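Chemist: Below: sequence and its predicted model.
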Amino acid sequence: MPVDTRMTPHPVHPVTNAIYETHIQMNQSRPIQHIRNIGIIAHIDAGKTTVTERILYYTGRSHKIGEVHDGEATMDWMPDEQERGITITSAVTTCKWKTSDIHIIDTPGHVDFTIEVERSLRVLDGAVGVFCAVGGVEPQSETVWRQADKYLVPKMAFINKMDRVGADFFRTVDMIRERLNAEPLLLQLPVGQEDSFKGVIDLLTMRQMMWESDGPDAEIRSMEIEAHLMDQAVKYREKLVERVAESDDALMDAYLEESPISVDQLTAAIRKATLHLKLVPLLCGAALKNKGIQPLLDAIVTYLPSPMDVPPIQGHHPESGELIQVPVKKNGPLVALIFKVSMMEGRKLSFVRIYSGQLKSGADVYNPSRKKKEKISRIMMMHANKRERIETADAGSIVGVVGLKDSSTGETLCDPDSPVLLEKMEFHKPVISISVEPKTHSDQEKLEQVLEKLMAEDPTLQVRQDEDTGQTILSGMGELHLEVITSRMQREFNTSVNVGKPQVVYRESVGKPASASAVFEKEVAGQRHFAEVELSIKPLSRGAGTRFRSEIPAGTIPEIYLPAIEKGVKEAMEYGHLMGYPVVDVEAVLTGGAYKDSLGSDLAYTVSASMACREAFKKGEPYLLEPIMAVEVFVPDAFMGEVIGDLNARGGKIESISSKAGSQVVAAVVPLSKMFGYSTALRSSSQGRGNFTMQFSHFDKQGKN
């Protein structure tokens, strides 16, 4: 089949910062079709931040490349990130490539901070999944990929670290296909791998791109494909054309008729298939050696969607509940979503994605969740922890906003005259707790305010007072999560605390059906109240949650009191009978009750239902459910026996053992209560050569997994 090999040369040298500043000042109203809102997502240590740093350099956003291992990465600006060499909080920046504005969110890869990925993906139009050529598709890669699938985000893949010992391009491609249930479309082939990796073959243009050196300003040489690589290139070019033709009827006709297919036709078909989640364009490189970033930028602009290319976001009218489609229009009514709140230099900074209309500095906006008006004091173009003040921001933009007093994460901002409420964001429940006590009297005075600020930033962080001990209990997503929170208390807020031993957050359920009734008859504030409620409870399948329904005959209790009874049941399920943990996987059924004229009230039925529910819990053989974690341990062959023995001793159940890149991968499920201190034990038993990942799997009966 004839092949059109026209090629657009890739820019190599970074533009100057002066050019970039001009872009910021002059292109506020850039056409929406030229905006890209993308996230960089991956497993920890796959190289997300390193890729982002190169993108900032080659787009002229920064003069110097900051390295993660030196603690100087632009996007990892928090002291804890620089010390640990990991991304903890998602950072937003804006850069320019050719004619497009690219808003980038660099997300964390550690499982304790998946909320940062979740809320970023909610507002992004596209994502770049970064995969290590040695490790392949690792557990957290699967998690963040599934999160992107949940929000129907079109994705690209970039296989990084092609220069590392053990790099295997085709094995990683196979893992993407098998583990992620994705359809990777190879746009490039690597030229060499490990220490011989020098460039890539562009399968669209059938040209070879070679980097002259590892330096950031190395020239890219476009050349004919070397003879010994041509057979492989032709084979994969044919596969590419065939796979793209399968997703496009017009191309399929041309393919079957063996008519010429141009690069432009292929590019348009690939873009269409990517936007419809049929294909995942795949490129490769070595970000640390500055190879592969310019073609990646070209692909981001070419294949990932603009805000105009994704379906309009849906909301509903806050009063009538009517479904509302929100088309992307600069001159439409304002609709925006707060997806993150951050405290910077003591001030509340809200990160906002604008879906429609224009945000103006000094303007009034409406928050339908709280039924309050807010004023926009300032609008900021974000670059990690640096900010540039702008007066307006249009539909499609991601910006920082100062001045919102009451609004928080997941809430909508809209035009007061055209109210619309976007779907709220869901947050994971914490699985681990610690107690925190202020060290000094001055710390005690500040602690409550500090915790309020941290909770405003992080919806997965919860704080409560233990009624029995008077302790402040901090609950989060993992040991590292809580460690970072306590570190930030000291660093950012100068508040020192003593930290108690981590405690597992359990759940409670019941083992058998049970029934109970309760009567509430009291005088409150000079008025007599009466209610009688009969309830039965029964266990549900694991993961079913809690339910309430009524089976009482009409007229037994006035229907007006059913919401109050349901409220009482829900309140009772917040604190179980055994240790006060939330009750799950239980259904409560209203089976009877009584009503007295003029004495019935919401208060009486709420209290009565709560009392009956608690009594039924006692009879229902309550038991504890503990969080079970999915653990993957990567360890050399020589230490396999010790690792498996240790996991068994911790009550773990080995699910599989497989080989990967010269190591053994042990997959197991283990109770969280047995995993405290595991990183130290693993280092000891593997001479420091083993590592592991852990994420929440499910709740199960204590002593059983």
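Modeler: Nice, thanks for sending it over.
Chemist: The residue lying closest to Val191 once chain neighbours are set aside bridge partners, please.
Modeler: Of all residues not flanking Val191 in the chain, Gly199 sits nearest, at 4.3 Å (Cβ to Cβ, 6 or more residues apart in numbering). In short, each C-beta sits where N, CA and C put it, glycine included. With DSSP bridges as the criterion, Gly199 is bridged to Val191, Met210.
Chemist: which residues sit in contact with Gly199?
Modeler: 190-192, 208-211, 291 (Cβ atoms under 8 Å, 6 or more residues apart in numbering).
Chemist: Please determine how far the closest residue to Gly192 other than its chain neighbours is located from Phe427.
Modeler: Nearest non-adjacent residue to Gly192, counting by Cβ to Cβ, 6+ apart: Lys198, 5.4 Å away. Using Cβ to Cβ, to the nearest Å, one obtains 45 Å as the distance from Lys198 to Phe427.
Chemist: Touching, the residue nearest to Gly192 and Met210? I think so.
Modeler: Yes - between Lys198 and Met210 there is a contact under Cβ atoms under 8 Å: 5.6 Å.
Chemist: quick one, which of these two is more surrounded?
Modeler: Neighbour count, other Cβ atoms under 10 Å: between Lys198 and Met210, Lys198 has more, with 21 against 17.
Chemist: Now do the contacts for the residue nearest to Gly192.
Modeler: Counting by Cβ under 8 Å, 6+ apart, the residues that Lys198 touches are 191-192, 210-211, 291.
Chemist: What is the least confident helix or strand in the chain?
Modeler: For the chain, the helix or strand with the lowest mean confidence is helix 17-26, at a mean of 34 (criterion: mean pLDDT, DSSP states H and E).
Chemist: Following element in sequence after it, please.
Modeler: strand 35-41 (DSSP states H and E).
Chemist: returning to what we had before: among the contacts of Lys198, name the buried ones.
Modeler: Neighbour-count burial (16 or more other Cβ atoms under 10 Å) applied to the contacts of Lys198 gives 191, 210-211, 291.
Chemist: the longest helix in the protein is where?
Modeler: Among the segments of the chain that qualify as a helix by DSSP state H, the longest is helix 227-246.
Chemist: Now tell me what touches it from outside.
Modeler: 1, 3, 183, 185-187, 189, 191, 201, 203-204, 206, 208, 225, 251-252, 254-255, 261, 266, 269-270, 273, 279.
Chemist: buried subset of these?
Modeler: 3, 183, 185-187, 189, 191, 201, 203-204, 206, 208, 225, 251, 254-255, 261, 266, 269-270, 273, 279.
Chemist: if we can go back for a sec, just the contacts of Lys198 now: which is nearest Ala299?
Modeler: Lys291 (14.6 Å; Cβ to Cβ).
Chemist: for the closest one, what are its contacts?
Modeler: Applying Cβ under 8 Å, 6+ apart to Lys291 gives the contacts 162-163, 197-200, 211, 214, 285.
Chemist: With distance to Pro459 and pLDDT as new columns, can the contacts of Gly199 be given to me in TSV?
Modeler: Below are the contacts of Gly199 laid out as TSV (distance: Cβ to Cβ, whole Å; pLDDT from 0 to 100):
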residue	distance to Pro459	pLDDT
Pro190	41	94
Val191	46	93
Gly192	46	89
Gln208	48	94
Met209	44	93
Met210	47	93
Trp211	43	89
Lys291	39	91
